[in-house]
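1. Structure for this input, please:
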Amino acid sequence: MAEASARSRHILKQLLVIVGLFVALPSVAAAQRIALDASAWVPSVMAAEAKVEGGALPGTAFDFKQDLGIDDEPLADLRLSVFTGPNSRLRLAYTRASYAGDTILDRTIQFNGSVFPASTRVVSDLDLHYARLGWIWQLPVIPDKLRVGPVVEAKAFVASATLDAPATTPRLRETERVAVVIPSAGLALDLSLHPLIDLFAEGSALTLGDRGRVIDAEAGVRVHLVKFLTMIAGYRFFEVRGEEDHSFARLQLSGPFVGVTFRF
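-> A predicted model of the protein is given here:
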């Protein structure tokens, strides 16, 4: 577990250092624009499922919402963009999902080698750190109106799930951590309806067949209030699923977001 945690921190540090270099380079900072997006995303947990084997136990497929009682939570989303030309930009994005539950189990759950019996009080935590480092290049299909182009990203996931039964003797507590970086590709579209109003849509995905998939898509509107400040609002869908041997995990979120963009 300590090794997985160290690997998780190393992955996030690498992404932050890469983008930090672009921001710190005087030639880039002096010649190009920088934008910071900060938004509040209010998704519903459409699915949060897992099955984790451990030792000789096969593991139980369970639902964090139905079986462990986690609730929907608003999430913060931050994005730093460095414009490398009139039609391209580098972007670092970060979202953290953190959910907690406290319930009495209706059924027995085998998780990571431990058995949590039915009628046991279980306190659970589900955390996901989701970082993206990507390049977006949009061609002016219709000058000053429509821009469309590819999105290429490296997506880093650091996830942990904890089940804790504080009243059992001995106390049962199990945590499973996973860290992975995967590439993805997609499209980004911007449509100008008015000098002050833009519509946007973006989606990227990767599928590995039965081993898993990741989908991240959003659409919305931008309202340019002043030169350096823009309001944004829209709707976002996110799903990540992974499977290894007989263990698996899946998280699906969907909901509206609202925020602001600052330009420097």
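
2. remind me, longest strand of the chain?
-> The longest strand of the chain (DSSP state E) is strand 172-194.

3. Work out the sheet partners of that one and label each with its direction, please.
-> Partners of strand 172-194 in the sheet, by DSSP bridges, are strand 146-165 (antiparallel), strand 197-207 (antiparallel).

4. Next, format the ones you listed as CSV and append distance to Ser184 and mean neighbour count.
-> In short, each C-beta sits where N, CA and C put it, glycine included. Shown next, in CSV, are these (distance: least, CB to CB, whole Å; neighbours: other CB atoms under 10 Å):
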stretch, distance to Ser184, mean neighbour count
strand 146-165, 5, 19
strand 197-207, 4, 16
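
5. Now tabulate these in a markdown table and tack on distance to Arg213 and mean pLDDT.
-> Converted to a markdown table, these look like this (distance: least, CB to CB, whole Å; pLDDT from 0 to 100):
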| stretch | distance to Arg213 | mean pLDDT |
| --- | --- | --- |
| strand 146-165 | 12 | 96 |
| strand 197-207 | 4 | 96 |
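
6. how much space between the residue nearest to Leu36 when sequence neighbours are not counted and Arg33?
-> Once flanking residues are discounted, Leu36 sits nearest to Phe262: 4.8 Å by CB to CB, 6 or more residues apart in numbering. Going from Phe262 to Arg33 by CB to CB, to the nearest Å gives 11 Å.

7. now Ala50
-> Plainly put, Ala50 is 42 Å away from Arg33 if you go by CB to CB.

8. could you redo the strands paired with strand 172-194 as TSV and give each row distance to Leu187?
-> Below are the strands paired with strand 172-194 laid out as TSV (distance: least, CB to CB, whole Å):
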stretch	distance to Leu187
strand 146-165	6
strand 197-207	6
